[in-house]
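> Okay, here's the prediction I keep looking at, along with the sequence it came from:
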Amino acid sequence: MNTVFFKEASEENLNKAAAILREGGLVGIPTETVYGLGANALDENAVAHIFEAKGRPQDNPLIIHMPDAGWLDRYCGDVPETARRLAERFWPGPLTMILPRDPIVPLRTTGGLETVGVRCPRHPVTLELIRRAGVPIAAPSGNTSGRPSPTTAGHMLEDMQGKIDAIFDGGACSVGVESTIIDLTVTPPRLLRPGGLPLEALREVLGEVAVDRAVTDALKEGEKPRAPGMKYRHYAPKAPVTVVAGDPEATAEYIAERVGEKTGVICFTEYRDRFPACTVEALGPAADREEHARRIFDALRAFDATDVSEIFAQCPDTEGLGLAVTNRLKKAAGFHVVEVQE
Ligand code: AMP
Ligand code: MG
């Protein structure tokens, strides 16, 4: 298949891409979080092609994307008042809400669940595409299953060229990690995946929020997470990753004592000179959590074009976007984490 690449957000390109979506094709779409692999969420056949192109397990549900909160009642069963409040405050933005499914949303889209994840992305191209397509767009991250999520159109091409109808280039993602997922079908609401909207912001609106164990810890053999996707190894570069947690000075020292020429290092910018022999990806200044989020997937991906045989990563703390970045790093490492004492 020839994958069409749309670069300009012209009337003609928007109409062409929207038509592909409406008619059951697959389009790589830009959002503020990561690039998504979009298809008509109501078309089972189109949705089946998403799973095929990604090599995604069938039980891993897709998030559906809408242009505004006005579509909530069309696709969700019973919309609680908290959902409307969150949408009012944080949409368009990096927040996915789990709500009861309306039967119009196929079970294939929801991985067999009676709930559905809904989000309104903050990107003008994708909002326009959804409006013009006139249907909700199911879109998981646009990577091959297991690989780091794409944060540029170039990353999407790497994984999906020849497998999908089109990719719409909307520039580099401004947030860089996937959406925060909150389950509103349980009491108290439960954080299933940390993401681009900090947990602290959710607590300001909701009060108590439970944090699913899968956010911070490896699951036990056979244990089922509430977000089915959290059970899969994810975001992993080819070389094995060790996450080194603790005070940045101490973790830099710990890593520097263990590296060789074929070591890759993910570190804060202040520490990059400590590893002169290594392949280094800097995450940005230690205090800049937004920049860590923007950089993390590109850093993980970059090592696959090198011959590094192991990767060490300095780990941010869990405040603000740090919770999402830490979660992605730990998952990339298969929860291989070393805690360094000062
Ligand atoms: P991705 O599309 O790659 O961003 O992954 C979507 C994540 O949302 C996966 O971890 C899914 O398991 C999770 N998810 C989507 N829909 C639901 C749902 N109805 N209930 C729980 N988790 C969901
Ligand atoms: Mg994904």
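Structure's in. What do you need? Ligands and ions are numbered 1, 2, ... in the order given.
> Can you pull the residues of the stretch 201-342 of the chain lying near ligand 1?
Taking Cβ under 6 Å from any ligand atom as the measure of proximity, the stretch 201-342 of the chain contacts ligand 1 at 226, 227, 228, 229, 230. Any C-beta I mention is one placed from the backbone N, CA and C, and that applies to glycine too.
> what about whatever residue of the stretch 151-300 of the chain ends up closest to ligand 1, which SS state?
At 2.2 Å from ligand 1, residue 229 is the closest residue in the stretch 151-300 of the chain, using Cβ to the nearest ligand atom. Put simply, residue 229 is helix when judged by DSSP: H, G, I helix; E, B strand; the rest coil.
> what do you get for residue 175?
Following three-state DSSP, residue 175 is assigned to coil.
> and it, what does it touch?
Shown in contact with residue 175 (Cβ atoms under 8 Å, 6 or more residues apart in numbering): 32, 33, 94, 196, 293, 294.
> For PyMOL, what selects the buried ones among these?
Those of the contacts of residue 175 that count as buried under 16 or more other Cβ atoms under 10 Å are selected in PyMOL with:
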select buried, resi 32+33+94+196+293+294
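> Narrow the contacts of residue 175 to those in helices?
293, 294 (DSSP state H).
> could the contacts of residue 175 go into JSON lines alongside pLDDT?
Below are the contacts of residue 175 laid out as JSON lines (pLDDT from 0 to 100):
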{"residue": "32", "pLDDT": "98"}
{"residue": "33", "pLDDT": "98"}
{"residue": "94", "pLDDT": "98"}
{"residue": "196", "pLDDT": "98"}
{"residue": "293", "pLDDT": "98"}
{"residue": "294", "pLDDT": "98"}
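> Most widely separated two among the contacts of residue 175?
Farthest-apart pair in the contacts of residue 175 is 94 and 294; separation 12.3 Å (Cβ to Cβ).
> next one: the helix or strand hosting residue 88 to chain centre, how far?
Assessed by DSSP states H and E, residue 88 sits inside helix 81-90. How far helix 81-90 lies from its chain's middle: 21 Å, per Cα atoms, centre = their mean, to the nearest Å.
> Kindly report the same for stretch 4-19.
Offset of stretch 4-19 from its chain centre (Cα atoms, centre = their mean): 24 Å.
> Likewise for stretch 319-339?
From the chain centre to the centre of stretch 319-339 is a distance of 14 Å (Cα atoms, centre = their mean).
> and it, C-alpha only, in CSV?
Extracted in CSV, the C-alpha atoms of stretch 319-339 (Å, rounded to 0.1, in the frame of the first residue of the first chain):
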residue,chain,number,x,y,z
GLU,A,319,5.5,15.2,40.7
GLY,A,320,3.3,16.6,37.9
LEU,A,321,4.2,15.1,34.5
GLY,A,322,7.0,13.2,36.3
LEU,A,323,4.5,10.4,37.2
ALA,A,324,3.9,9.7,33.5
VAL,A,325,7.5,9.9,32.4
THR,A,326,8.5,7.6,35.3
ASN,A,327,5.8,5.1,34.3
ARG,A,328,6.9,5.1,30.6
LEU,A,329,10.6,4.6,31.6
LYS,A,330,9.7,1.8,34.1
LYS,A,331,7.6,0.0,31.4
ALA,A,332,10.4,0.4,28.8
ALA,A,333,12.7,-1.2,31.4
GLY,A,334,10.2,-4.1,32.2
PHE,A,335,10.3,-2.6,35.7
HIS,A,336,14.0,-3.2,36.0
VAL,A,337,14.6,-0.4,38.5
VAL,A,338,17.6,0.3,40.8
GLU,A,339,17.1,2.7,43.7
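> List the buried residues in it.
Buried residues in stretch 319-339, counted by 16+ other Cβ under 10 Å: 320-333, 337-338.
> Find the pair from those residues with maximum spatial separation.
Farthest pair in the buried residues of stretch 319-339 (Cβ to Cβ) is 320 and 338. Separation: 23.3 Å.
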